[in-house]
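Undergrad: give me the fold of what follows.
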Amino acid sequence: MANTPEGKIKKKLDTMLKSLSPWVWFYSPQSGIYGKSGIPDRVIVAYGNFIGVECKADRNKKPTALQLRCMNDIEMAKGKCFVVCDDETINQVKVYIEKIIHDSSRTSKSSGTKAKIS
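TA: Numbering: from 1, shown residues only. Modelled structure (predicted):
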């Protein structure tokens with residue numbers, strides 16, 4: 001994955017997201033016969049907030065109509081979506097998530113709960 005220009009962006013994004021653990025959970029959905037087309041490259045939950053991130057190799061690459069429709073559906077459901085293509089746009093996601101964490105930690109005394117698995 002990381003050998004392609006888009007793969008390098010995904011790797012940088014993943015590294016940034018991992019640095020925000022434990023307040024961030026993320027997943028890389030698969031497309032094809034076992035997945036749904038148009039889903040963003042990264043599905044993220046940041047302190048209870050849903051975020052979708054579509055990765056592109058550079059600023060000239062644009063999301064497809066199907067990706068745009070999915071991102072619009074996410075935002076209509078009060079989620080947030082980003083398109084990232086470089087360090088600057090990845091940093092925009094980081095700043096957004098850090099604001100969520102900061103604002104949420106000011107209103108909550110708990111840092112989260114562990115899921116109980118039976």
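Undergrad: so where's this protein uncertain?
TA: Along the chain, segments meeting pLDDT under 70 span 1-2, 108-118.
Undergrad: try 90
TA: 1-3, 30-37, 104-118 (pLDDT under 90).
Undergrad: by residue count, which strand of it is the longest?
TA: Ordering each strand of the chain by length in residues (DSSP state E) puts strand 49-55 first.
Undergrad: for that one, report the contacting residues that lie outside it.
TA: 6, 9-10, 13, 39-45, 63, 67, 70-71, 74, 77-85, 93, 96-97, 100 (CB atoms under 8 Å, 6 or more residues apart in numbering). Just so you know, the C-beta spots here come from the backbone N, C-alpha and C atoms, and that holds for glycine as well.
Undergrad: please apply the same query to stretch 72-89.
TA: So stretch 72-89 is contacted by 9, 12-13, 40, 49-59, 61, 63, 71, 90, 92-93, 96 (CB under 8 Å, 6+ apart).
Undergrad: after the helix or strand containing residue 15, heading C-terminal, what element do we hit next?
TA: According to DSSP states H and E, residue 15 maps onto helix 5-19. The helix or strand immediately downstream of helix 5-19 is strand 24-27, counting by DSSP H and E.
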